[in-house]
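J.: Test case, fold it:
(one chain, ligands or ions: 1)
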Amino acid sequence: MKDLFGNAILDYQNGNYTEDIITSTSISDEDVLPLPYLFRDFEDMPKLEKKALKLAKGLILDVGCGAGSHSLYLQEKGFKVKAIDISKGATEVSKQRGVINAVERGILDESGTFDTILLLMNGTGIFQQMSMVSKHLLHLKNLLKTNGQILIDSSDIKYMFEDKDGGFWIDTNANYYGELDYFLSYKGEKEVPMKWLYLDFNTLLTACISVGLKCELVLEGEHFDYLARITN
Ligand SMILES: C[S@@+](CC[C@H](N)C(=O)[O-])C[C@H]1O[C@@H](n2cnc3c(N)ncnc32)[C@H](O)[C@@H]1O
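T.: From the prediction side, this is the model:
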């Protein structure tokens, strides 16, 4: 990984904001990810994220913290938060912005235990592909304290396969439709392609049950997105 995502948010943090991140996927054209969005405050967050922050309790792990926006809000509310991200730049920016405990670390290398684990802005993306979901859920399960909770958001992207007549062109012989190749570029440079997983609620629910976890739908968003709460 070149960490172009981290470079971009470092540029924004250091006052060198000249352009945004460009993303695309195996099923969609180029789209702009505005850097200021990664630095959003509570008022500018989608309602699913606001709800997750309101439900957070106890010792909190913010997985894939990015620029640290959720961690900062929770810290200001008096919570003790650990923020982790595989991006060196993201971790650095989170620290610069005031996140007290920000660590450059992938979720599978984390070993603490927490009352709340947050995975926000399509949190299931971090699982990368269907074959990795159980492994991640089992690991997250081990990171939960008694009565702990995982708050995770995602979207059912089936609508992206809908044609003009309302039919769906999903290839039933192919992998799960939410398993995408994800491409990112910044300032003309291309990041190494990665896998990014969108999970519909029922598929997440089934995966949770298969590893002995409970999963409830907390809230649905405006565009096939939802927030789920996973518990032991
Ligand atoms: C879509 S961004 C969301 C950032 C932040 N949560 C937000 O809402 O603004 C996903 C983040 O997850 C991080 N990430 C990806 N895979 C990860 C992993 N296995 N462990 C920890 N962080 C990861 C990326 O570096 C990126 O910062």
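
J.: From the centroid of the protein, which residue is nearest?
T.: Taking Cα atoms, centre = their mean, the centroid of the chain lies closest to residue 123, which sits 2.8 Å from it.

J.: Where does the closest residue to it other than its chain neighbours sit: helix, strand or coil?
T.: Excluding its sequence neighbours, the residue lying closest to residue 123 (Cβ to Cβ, 6 or more residues apart in numbering) is residue 152, at 4.0 Å. Heads up, the C-betas are built off the backbone N, CA and C, glycines and all. Three-state assignment for residue 152 (DSSP: H, G, I helix; E, B strand; the rest coil): strand.

J.: Name the residues of the protein found near the ligand, please.
T.: For the chain, the residues in contact with the ligand under the definition Cβ under 6 Å from any ligand atom are 5, 38, 63-66, 69, 84-87, 90, 106-107, 120-121, 126.

J.: Buried among these? Make that a ChimeraX selection.
T.: In ChimeraX syntax, the buried subset of the residues of the chain next to the ligand is picked out as below (16 or more other Cβ atoms under 10 Å):
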select :5,38,63,64,65,66,69,84,85,86,87,90,107,120,121,126
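
J.: follow-up on the earlier one: show me the contacts for the residue nearest to the centre of the chain.
T.: 63, 64, 152, 153, 154 (Cβ atoms under 8 Å, 6 or more residues apart in numbering).

J.: and it, backbone torsions?
T.: Backbone torsions of residue 123, given as degrees, to the nearest 10, read phi -60, psi -30.

J.: now do the one 4 residues further on
T.: Dihedral angles of residue 127 (phi, psi; degrees, to the nearest 10) stand at phi -70, psi -20.

J.: go on, residue 50?
T.: Torsion angles, degrees, to the nearest 10, at residue 50: phi -60, psi -40.

J.: what about it, neighbour count?
T.: Around residue 50 sit 16 other residues, with neighbours defined as other Cβ atoms under 10 Å.

J.: Disregarding residues adjacent in the polypeptide, which is nearest to it?
T.: For residue 50, the spatially nearest residue (Cβ to Cβ, 6+ apart) is residue 42, at 6.6 Å.

J.: in the protein, what residue sits furthest out from the centroid?
T.: residue 165 (32.3 Å).

J.: and it, what does it touch?
T.: Going by Cβ under 8 Å, 6+ apart, the list of residues near residue 165 is empty.

J.: Which secondary structure state is assigned to it?
T.: Put simply, residue 165 is coil when judged by three-state DSSP.

J.: related to what we said a few turns ago, nearest to residue 111 among the contacts of residue 123?
T.: residue 63 (13.2 Å; Cβ to Cβ).

J.: In this structure that closest one contacts residue 82, no?
T.: No. Checked against Cβ atoms under 8 Å, the pair residue 63 and residue 82 is beyond contact range at 9.5 Å.
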